[in-house]
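In: The sequence isn't on hand, but the structure is:
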């Protein structure tokens, strides 16, 4: 059997990716984003020749589309604030602010656009106020993304200031929106004019602004491209890409409103506005389902553990109370004999023999109870050790991200099956991986690597190796790591590895410390293969 290397990317970020917006994107995310961009390019290639063709004026198109965009942007901002509440990161505040700007200016432009809610618009003048809201919309949003891209690798504020930070952000954003809105509504006559005699006659300044907005969008897109790391980065690039046609249509088509290009550009803006919202909702649902599954499994495991502990302690107490009582009584009798003036040594010898027999009975009771519970919980099945390892890695995904551990797996192309209890084998691998994570706590963050691989031994058994880059086990302790109650952790009980070895040996396998040194340790689990 051949081995096929496989990389499991766990991003190491100064800001721990505990929320969807800061999670590293996967090849699946990248493939979907590239597909969306490719689809938009195909549409534009098809539409470009007829972009300037004027079609029927649909006054309800813009208010419907931009109202939906406004709602989507404000919902996205709400989700980003919620993400910030979970993990306070200043960059998320900037991005949420950008979506508030976008949603607010989109709705204000709809109110001022002639023919939307009123023939001449509800606010501002007929021609230039909507254009200025468009400029503000696509200036503040890219600038917020630029600030996010530059700030996302910086440190976090204090978690205690989350409420105050969100409140201050909202006040500043709403104040800025109010001030800019007052300028383009009440003071629009003092601002440069984009239209003079009608919606179809743009000034040269309008084209210059559109070219400037195109350059700004492309610049921010380029900065974000080189600093992309997260799901949010990826879909912000798609959003910017979808917004650029708005400026190109206005700059190069001229009379762009109510043309094929104009309708297509607004449709793309609508899709882009809803994309990030859809991604956040979908990924949060997936994350919630995984956390719920992990919580159910944890509760079930805890309940089973409590039941087992309760039954075991009751059985042990019942079985050893009698010999312990006999030992106590014999000790008291022996003390009285030894305190007598003429102690009867034969009687003392008989008492000592009784104490020894009672002690052996206690030992036999404990062994029999352990065997009883082992047989009761043992439910072996034909399973793949690699699939169990994959399940454990998924359970530990966020812990690995939290500790900034990079994981590399090298599994067999056609993994053989072993005969073992899936739950117990999962607990063994979980314990080994947690030990590896703990062992790398003192390792620099950029040096924390976990290598997991499988191979076939000479005797045909399958070997699972788990290698960390921690400080290693001291030479004098390497022969004792599997001893019960021996531990190198300040708060450890020293039972984890002992129990793991017992479980593996139950299935005629072995668990060893293959090597250990200053650069890390390697534990190996060997299990016999079930012939198909």
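Out: Yep, it's here. Bear in mind that the values here come from a model prediction, so they are computed numbers and not experimental data.

In: which residues touch residue 393?
Out: Residues counted as contacts of residue 393 (Cβ atoms under 8 Å, 6 or more residues apart in numbering) are 8, 400, 407, 409, 433, 452. (Each C-beta comes from the backbone N, C-alpha and C, glycine too.)

In: Secondary structure, distance to residue 293 and pLDDT for these - can I get that in a markdown table?
Out: Below are the contacts of residue 393 laid out as a markdown table (DSSP: H, G, I helix; E, B strand; the rest coil; distance: Cβ to Cβ, whole Å; pLDDT from 0 to 100):
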| residue | secondary structure | distance to residue 293 | pLDDT |
| --- | --- | --- | --- |
| 8 | strand | 19 | 39 |
| 400 | helix | 17 | 84 |
| 407 | strand | 20 | 89 |
| 409 | strand | 21 | 89 |
| 433 | helix | 18 | 90 |
| 452 | strand | 22 | 92 |
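
In: tell me which of those is nearest to residue 122?
Out: For the contacts of residue 393, the residue nearest residue 122 by Cβ to Cβ is residue 400; the value is 53.3 Å.

In: these two touch, right, the closest one and residue 452?
Out: No - the pair residue 400 / residue 452 is not scored as a contact, 11.3 Å apart, by Cβ atoms under 8 Å.

In: Have a look at those two and say which one is more surrounded.
Out: More crowded of residue 400 and residue 452, by other Cβ atoms under 10 Å: residue 452, with 25 against 21.

In: Number of residues surrounding residue 296?
Out: The burial count for residue 296: 10, using other Cβ under 10 Å.

In: Kindly indicate which of the contacts of residue 393 lies nearest residue 241.
Out: Of all these, residue 8 has the smallest distance to residue 241: 29.0 Å, by Cβ to Cβ.

In: wait, what's in contact with residue 435?
Out: Counted by Cβ under 8 Å, 6+ apart, residue 435 has contacts 496, 497, 523.

In: picking that back up, could you pull out the residues contacting both of residue 400 and residue 452?
Out: Joint contacts of residue 400 and residue 452 (Cβ under 8 Å, 6+ apart) are 393, 407.

In: now residue 129, what's its secondary structure?
Out: Using DSSP: H, G, I helix; E, B strand; the rest coil, the structure places residue 129 in helix.

In: Please tell me I have it right and it contacts residue 120.
Out: No - assessed by Cβ under 8 Å, residue 129 is found out of contact with residue 120, at 10.4 Å.

In: Looking at those two, which has the bigger crowd around it?
Out: Each of residue 129 and residue 120 has its neighbours counted (other Cβ under 10 Å); residue 129 has more, 25 against 12.

In: roughly how far apart are the more buried one and residue 123?
Out: Residue 129 sits at a distance of 7 Å from residue 123 (criterion: Cβ to Cβ, to the nearest Å).

In: now do residue 272
Out: 26 Å.

In: the more surrounded of those two?
Out: Using other Cβ under 10 Å, the more surrounded residue of residue 272 and residue 123 is residue 272, with 21 against 18.

In: tell me which element that one is part of?
Out: If you go by DSSP states H and E, residue 272 is part of helix 260-339.

In: pLDDT of that helix, averaged?
Out: Average pLDDT, helix 260-339: 72.

In: ditto for stretch 79-94
Out: 86.

In: From one end of it to the other, what's the distance?
Out: End-to-end distance for stretch 79-94: 13 Å, by Cα to Cα, to the nearest Å.

In: same thing with stretch 438-448?
Out: Terminal-residue distance, stretch 438-448 (Cα to Cα): 11 Å.

In: isn't residue 110 right next to residue 64, touching?
Out: No - checked against Cβ under 8 Å, the pair residue 110 and residue 64 is beyond contact range at 9.2 Å.

In: ok, those two, which is more surrounded?
Out: Just comparing residue 110 and residue 64: by other Cβ under 10 Å the higher neighbour count belongs to residue 110, 22 against 14.

In: what helix or strand is the more buried one on?
Out: Per DSSP H and E: helix 90-112 holds residue 110.

In: Summarise which helices and strands that helix is packed against.
Out: Other elements packing on helix 90-112 under the criterion 3 or more Cβ pairs under 8 Å, 6 or more residues apart in numbering; DSSP states H and E are helix 61-86, helix 128-151, helix 162-186.

In: With distance to residue 396 added, can I get the ones you listed in JSON lines?
Out: Output for those, formatted as JSON lines (distance: least, Cβ to Cβ, whole Å):
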{"stretch": "helix 61-86", "distance to residue 396": "19"}
{"stretch": "helix 128-151", "distance to residue 396": "29"}
{"stretch": "helix 162-186", "distance to residue 396": "27"}
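
In: Packed most tightly, which of the ones you listed would that be?
Out: Compared across these, helix 128-151 shows the largest average neighbour count, a mean of 23 (mean count of other Cβ atoms under 10 Å).

In: Between helix 61-86 and it, find me the angle.
Out: 30 degrees (axes from the mean of the first three to the mean of the last three Cα atoms, to 10 degrees).

In: For helix 128-151, name the packing helices and strands.
Out: helix 90-112, helix 162-186, helix 204-226, helix 231-252.
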